[in-house]
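In: sequence and predicted structure, then a few things I'm wondering about:
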Amino acid sequence: MTITATRRTGAALEHAIFEATLAELAESGYHALAIDRVARRARVGRASIYRRWATKRDLVADAIAYSLPTVERPPQTGSVRTDLVTCFEEMHRMLDGPALIYVQALAAELHDPGASHLISLVRDRVTLPRLQIVLDILLAGVARGEIRAEAAVPILARTGPALLFQHVFMYGTTASPAVIEEIVDRVILPAARPLPG
């Protein structure tokens, strides 16, 4: 059966392509995802896709970025603990839903050498902007004297998000509010607060 392409432009066209890409990623995984099937599902011509994305990797990275909530600036409550809990709760909401399917689909492809460039793209477009928010919260805590200057470093900023992702991969579900608070209270803050004396 021939599917007739629907004439759309701009944001409407990109929306249709992204939704089709994410559906194919969830169903087939990254390795088996084919531009032909994306085009048929989105009811567009292949040329409409290739004019915007040179490779499948670029398309998938942009589709995943599109599917996630907009990166917000750090909360500014005056408390590094409250800001971290709020930030991690937003990450929890990001993972709780369709985004979890895309993360799991990508995780299944990590063994494929051809996926390494895609992982780099997702890191640059999705992961790093969100890790910068955590680092900004830590830096604000330094300015208020809540945490040590040497603790406001990228490796500590990655710790909370890494534990949230680990929870997803170990248990297949996102972390509860209690787990989020435990990550902040038992892992990050003890490593960051001023030392006694």
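Out: Ah, there it is.

In: can you pull the buried residues of whichever strand or helix holds residue 88?
Out: Here residue 88, judged by DSSP states H and E, is contained in helix 80-95. Going by neighbour count (16 or more other CB atoms under 10 Å), the buried part of helix 80-95 is 80-81, 83-89, 91-92, 94-95. Heads up, the C-betas are built off the backbone N, CA and C, glycines and all.

In: can you put those in a markdown table and add pLDDT and distance to residue 158?
Out: A markdown table is the format used below for the buried residues of helix 80-95 (pLDDT from 0 to 100; distance: CB to CB, whole Å):
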| residue | pLDDT | distance to residue 158 |
| --- | --- | --- |
| 80 | 96 | 16 |
| 81 | 96 | 18 |
| 83 | 96 | 17 |
| 84 | 96 | 13 |
| 85 | 95 | 17 |
| 86 | 93 | 18 |
| 87 | 93 | 13 |
| 88 | 93 | 12 |
| 89 | 90 | 18 |
| 91 | 85 | 12 |
| 92 | 84 | 16 |
| 94 | 78 | 16 |
| 95 | 75 | 16 |
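
In: pass me the low-pLDDT residue ranges in this protein, would you?
Out: 1-9, 71, 97-100, 103-115, 197 (pLDDT under 70).

In: the longest helix seen in the chain packs against which elements?
Out: Counting by DSSP state H, the longest helix found in the chain is helix 10-32. If you count contacts as 3 or more CB pairs under 8 Å, 6 or more residues apart in numbering; DSSP states H and E, helix 10-32 packs onto helix 35-42, helix 46-50, helix 56-67, helix 98-107.

In: in it, what's buried?
Out: 13-14, 16-25, 29-30.

In: do stretch 59-73 as well
Out: 59-65, 67-68.

In: start to end distance for it?
Out: Start-to-end span of stretch 59-73 (CA to CA, to the nearest Å) is 26 Å.

In: that stretch: how far from the chain's middle?
Out: Its chain's average C-alpha position is 7 Å from that of stretch 59-73, according to CA atoms, centre = their mean, to the nearest Å.

In: again, but for stretch 50-62
Out: The answer for stretch 50-62 is 18 Å, by CA atoms, centre = their mean.

In: against residue 70, how distant is the most centrally placed residue in the chain?
Out: Closest to where the C-alpha atoms of the chain average out (CA atoms, centre = their mean) is residue 126, at 4.7 Å. Separation of residue 126 from residue 70 (CB to CB, to the nearest Å) stands at 12 Å.
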